[in-house]
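# using only what follows, build the 3D model:
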Amino acid sequence: MHHLVRTIPIPPSPFHLRRTRACFVCRSQSRFLQSEKKEQLEPELMPNARRRKHDPLWEGDGSSLGVDLGNVRTGLAVGTSLGFSRPLTVLRMKGRELEARLVEIAEEEDADELIVGLPTSNIGAETPQSYKVRGFVRGLAVRAADKGLRVYLQDEHGTSKDALDYMIDIGVKKSARRVQSDAYSAVILLERYFQMRGYHVELVLPNQPELRKKVRAGVQSHPSLDDRLWKDDGKSEGNIFDLF
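Numbering: from 1, shown residues only. From the prediction side, this is the model:
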């Protein structure tokens, strides 16, 4: 499908819509703020949101691909370190096929990092689903590293409920919410990541030294932000808004 990004309606930021629901931001952040650990990372391994905070003159502008993994569907969203996020698409595939497609989409969207949601319990503990996600992400990190892409895990607790509230706020029809919810959960995941400035994410690196070297080298070049917003490369899965 050929889609010009400029023709796609972009919803307002969920964090702007939540001014009348302060508990939304509190629910997303309070579980992290009490035990904030600002681990030290080399600049080339820092997530984009954190790197921009540390170096306002940093010229990197790679996108961030948000990934909400599910047993059947995987929702995707894309955003920049300037905090602009939008739902992208929903994939229905698993295993290595999904790994390969995620890396392809990251390249198509000029992303240099993937932010993958990690399920946790109400008290922040990991669950059996957390272990499944970690198992998948280990393989994804190997495939992504070969392309110079970084992979991070971000706590996704509560994103499904927040995504539902967000869809209601922006007027997504009830009949469309079930299919679109995974992509909007990925939007909320990215918004949380940007709001927290990239802290509380977990970098996942492959064991192979040669692949780690590729991750440190990163994606070699990116088009400008303006070029990415107006591109039409004909490779997109199609935006979530085109499903209905």
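# for the residue nearest the centre of the chain, give me its contacts.
Closest residue to the average C-alpha location of the chain: Gly66 at 1.5 Å, with Cα atoms, centre = their mean. Residues near Gly66 by Cβ atoms under 8 Å, 6 or more residues apart in numbering: Leu76, Ala77, Val78, Gly79, Ser85, Ile115, Gly117, Ala186, Val187, Leu189, Leu190, Tyr193. For the C-beta atoms, the positions are set from N, CA and C on the backbone; glycine is no exception.
# may I ask which of those has the most neighbours?
Ala186 (34 neighbours; other Cβ atoms under 10 Å).
# wait, a helix at that one?
Yes - under DSSP: H, G, I helix; E, B strand; the rest coil, Ala186 sits within a helix.
# what sits against it?
Taking Cβ under 8 Å, 6+ apart, we find Ala186 in contact with Gly66, Val67, Asp68, Gly75, Leu76, Ala77, Pro87, Leu88, Gly117.
# one more pass at 10 Å, please.
For Ala186, the contacting residues are 65-69, 74-79, 85-90, 115-117, 156, 159, 163, 240, by Cβ atoms under 10 Å, 6 or more residues apart in numbering.
# now do Leu149
Leu149 touches 62, 65, 102-103, 106-107, 111-114, 140-141, 143, 214-215, 218-219, counting by Cβ under 10 Å, 6+ apart.
# in strands only, show me these.
Using DSSP state E, the subset of these located in strands is Leu65, Ala111, Asp112, Glu113, Leu114.
# for Ser181, see how far away the last one is.
Applying Cβ to Cβ, to the nearest Å, the value for Leu114 to Ser181 is 20 Å.
# ok so, going back, in strands, which of the contacts of Ala186 fall?
Judged by DSSP E, the contacts of Ala186 include 65-68, 74-79, 85-90, 115-117 as members of strands.
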